[in-house]
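In: Sequence first, then the predicted structure, then my questions.
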Amino acid sequence: MRALVIPRNGPPSVFEEQEVPDRRLAPKDVRIRVEAAGVNFADLMGRIGLYPDAPALPYAPGYEVAGVIEEVGDQVDEALAPGTRVMATTRFWGYADRIRAPQHWVVPIPDEVDFTTAAAVPVNYLTAYLALLHSGAAKPGERVLVHGGAGGVGLAALDLSRGKELTMYATAGSDAKCERLESLGVEKAFNYRTGDWAVESRKHLRGGGFHLILDPLGPASFQKGLDMLEPLGRIVCYGFSSLVEGPKRKLWKAATKLLTASKINPITIMNENKGVHGLNLAQLFTQRDLHRRAMQQLGELLAAGEIRPTIDTTFPLTAAGAADAHTHLHERRNFGKVVLVRDPA
């Protein structure tokens, strides 16, 4: 197979196109001809050497794809026959023209859903679903703050919140993004580049706080988030994007942020009636029943038109395209999902 490989840690320009042997299918595996692959912040962290779950170099990043099943193992369900259009999560190697995946990571998609849209669903919507509705257990009448509201997970959380009687708030990195989020139904979006979101939200809520905060940023926002929780409020942490401030890793700065991260005192959170949840999607890939159920539910919502990811930009599924896509995310220019596509329009 042809894969977009990271041969060494470095800037986006390190990507190389390499021929890699196809992996043999297990009885319950499928092989997918990749038509589109989603790009996520974890891919950037892996490329610069700050993602602990990344495999040994060289490897191709990529946690989600959409395409057509080419080949199946002898114990694969009939619903996943060759020729079936599907979306799937992957354990790296999604930046490739073919990918092997176990069947419980794969769900069919209807003909009316294009591959670019489908490739934007698995990681962002699984993360948002688990953070908002599973760990976060958002309930009608609650106020929910989503950091990075203009990113893929933030917009997925907004999409999944519809009809659930939640009041959604967000942070974003520009006035234009904040205005666009509010036009999509966010009650109030706070520009974190021009002010302190915690101070501004306190003013807006007249001293109140949030019942649930979804935080992909890391140490920089965690303590503020804890302070902003209402009694019985929850914060769900699912990333460290604040550690990535440029196209190359800065180990000293990253280590300093990690070492100065807030320490959680159980007595304090008990006395304050607050909850802290961690979410690492990569560590849940072995939870087959949870993974299968969540993917099936997202597939049903997508087929019914009840969710539709916001696509920011597509880039070619080439080394140069991957480099451009990563640069686009590094510069925080996206509003929504960035996707690599086999045959860009």
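Out: Perfect, thanks for sending it.
In: Compute the first-to-last residue distance for stretch 1-19.
Out: Stretch 1-19 stretches 6 Å from its first residue to its last (Cα to Cα, to the nearest Å).
In: Likewise for stretch 327-339?
Out: 13 Å.
In: what's the weakest-modelled helix or strand in this protein?
Out: Lowest mean confidence among the helices and strands of the chain (mean pLDDT, DSSP states H and E): helix 251-259, at a mean of 50.
In: can you pull the contacts of Ala282?
Out: 42, 53, 63, 91 (Cβ atoms under 8 Å, 6 or more residues apart in numbering). C-betas here are computed from N, CA, C, even on glycine.
In: Same check on Asp77?
Out: Contacts of Asp77 (Cβ under 8 Å, 6+ apart): Gln103.
In: Can you tell me how far it is from Leu145?
Out: The gap separating Asp77 from Leu145 is 40 Å, by Cβ to Cβ, to the nearest Å.
In: Let me see the ranges of the helices in the stretch 201-345 of the chain.
Out: 219-227, 251-259, 266-271, 288-303, 319-330 (DSSP state H, counting those that start in this stretch).
In: Turn the ones you listed into a markdown table, columns for distance to Leu181 and mean neighbour count.
Out: A markdown table is the format used below for those (distance: least, Cβ to Cβ, whole Å; neighbours: other Cβ atoms under 10 Å):
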| stretch | distance to Leu181 | mean neighbour count |
| --- | --- | --- |
| helix 219-227 | 17 | 18 |
| helix 251-259 | 26 | 12 |
| helix 266-271 | 30 | 10 |
| helix 288-303 | 21 | 16 |
| helix 319-330 | 18 | 20 |
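In: Confidence-wise, which of these is weakest overall?
Out: Looking at the helices of the stretch 201-345 of the chain, the lowest mean pLDDT belongs to helix 251-259 (a mean of 50).
In: Name every strand pairing with the lengthiest strand in the chain and say which way it goes.
Out: Ranked by residue count and defined by DSSP state E, the top strand of the chain is strand 29-39. Next to strand 29-39 in the sheet, as set by DSSP bridges, lie strand 64-72 (antiparallel), strand 98-102 (antiparallel), strand 337-341 (antiparallel).
In: from these, which stretch is densest packed?
Out: strand 337-341 (a mean of 25; mean count of other Cβ atoms under 10 Å).
In: and the residue nearest to the spatial centre of the chain, what pLDDT?
Out: The residue lying closest to the centre of the chain (Cα atoms, centre = their mean) is Asn124, at 3.6 Å. Note on Asn124: pLDDT of 96.
In: All further residue positions should be reported with the first residue as 98.
Out: From this message on, residue numbering opens at 98, which makes the last subject Asn221.
In: Now it: closest residue in space, sequence neighbours ignored.
Out: Gly249 (3.8 Å; Cβ to Cβ, 6 or more residues apart in numbering).
In: do the same with Gly418
Out: Using Cβ to Cβ, 6+ apart, the closest residue to Gly418 is Phe412 (3.9 Å).
In: Return the residues in contact with the one you found.
Out: With contact taken as Cβ under 8 Å, 6+ apart, Phe412 is in contact with 136, 418-419, 421-422, 425, 435-438, 441.
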